[in-house]
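S.K.: Dropping the sequence and predicted coords here.
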Amino acid sequence: MSTSKRVLIVGGSGRTGQLVIDELLARGHEVTALVRKPESLEAKAGLVTVTGTPMNKEDVRNAFAQSNPEVVVVTLSAPRAGDSPFAAVISPPRLMADSNANVVAVMKEFNTPKIVIMQAFGVGESWMNMHWVMRMLMKKSNMIYQYDDHNLVAKEVKASGENYVFVRPSRLEEGEAKEIKEYADDGKGVPMMGAITRGSVAKFLVEATESRTWDGTAPVITN
């Protein structure tokens, strides 16, 4: 069992975020979640909810003041008009960029040493290692807006000088944690239909909060 940490999660009410909370609690960490609707999270021992949105820096600052986190985990994703990943995005175009910019700004105020951010295979340097068919699909669908936002996050968080881990899972599937494969060289060799379960992603995100193994890197992961 690793040493208990104080963890602030942003995006904890999402499908992956809830699994991250469960994994953190199971490993004995103290968890605070910044959520717009606290009722969206089931009350659990070791979990504190703070009402607010990461788009508002004062809300972020309030969450930090209540938790004094040693690490922040961000599992935000852009809300969509439907369950399909290709459904229209109904959030502001810089939802993730502005939210993460607020988080890293407040991290500096509180001397918080690390942020772990869930992104996606195809973000940043991994784009050219995505199969060309998938790149074409992303370019011609609503998915490209979320990739643009993720790319802004990567650029701005790197520029902030904060210690980061960008976790870039391949296509998400529902399911429990399985064996995880890491791809060096920004995802070179990931198969076109490579996929990973949300449970696996949650486990990896938590391990990235506990370990310094991936600090300053952007691991691409599949099952």
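M.R.: Sure thing, it's come through.
S.K.: what about the closest residue to Lys188 other than its chain neighbours, how many neighbours?
M.R.: Excluding the flanking residues, the one nearest Lys188 by CB to CB, 6 or more residues apart in numbering is Asn129, at 4.7 Å. (Glycine included, C-beta is placed from N, CA and C.) Using other CB atoms under 10 Å, Asn129 has 17 other residues around it.
S.K.: Quick check: phi and psi on Val7?
M.R.: phi -120, psi 130 (degrees, to the nearest 10).
S.K.: What residues of stretch 205-216 count as buried?
M.R.: Leu205, Val206, Glu207, Ala208, Thr209, Glu210, Trp214 (16 or more other CB atoms under 10 Å).
S.K.: Which residues does that stretch contact?
M.R.: Contacts to stretch 205-216, defined as CB atoms under 8 Å, 6 or more residues apart in numbering, come from residues 2, 5, 7, 16, 20, 23-24, 27, 29, 71, 73, 75, 114, 116, 118, 163-165, 167, 219.
S.K.: related to what we said a few turns ago, which ones are touching the residue nearest to Lys188?
M.R.: Tyr183, Asp185, Asp186, Gly187, Lys188, Gly189, Val190, Val220.
S.K.: now with 10 Å?
M.R.: Phe121, Gly122, Arg135, Tyr183, Asp185, Asp186, Gly187, Lys188, Gly189, Val190, Val220 (CB atoms under 10 Å, 6 or more residues apart in numbering).
S.K.: just for this structure, where's the confidence low?
M.R.: 1-2, 78-91 (pLDDT under 70).
S.K.: if you set the cut-off to 50 instead, what comes out?
M.R.: 1, 81 (pLDDT under 50).
S.K.: circling back to that earlier point, looking at the buried residues of stretch 205-216, spot the one nearest Glu179.
M.R.: Within those, proximity to Glu179 (CB to CB) peaks at Glu207, which comes in at 13.2 Å.
S.K.: Counting neighbours, what do you get for the closest residue in space to Val104 that isn't next to it in sequence?
M.R.: Distances taken as CB to CB, 6+ apart put Ser160 closest to Val104, at 4.3 Å, once the chain neighbours are dropped. Ser160 is flanked by 17 other residues according to other CB under 10 Å.
S.K.: Ser160 touches Val106, doesn't it?
M.R.: No - using CB atoms under 10 Å, Ser160 makes no contact with Val106, being 11.1 Å away.
S.K.: returning to what we had before: can you flag which of the contacts of stretch 205-216 belong to helices?
M.R.: Thr16, Val20, Glu23, Leu24 (DSSP state H).
S.K.: show me what contacts the first one?
M.R.: I take that to be Thr16. Thr16 neighbours (CB under 10 Å, 6+ apart): Thr75, Leu76, Ser77, Met118, Pro169, Leu172, Thr197, Arg198, Gly199, Val201, Ala202, Leu205.
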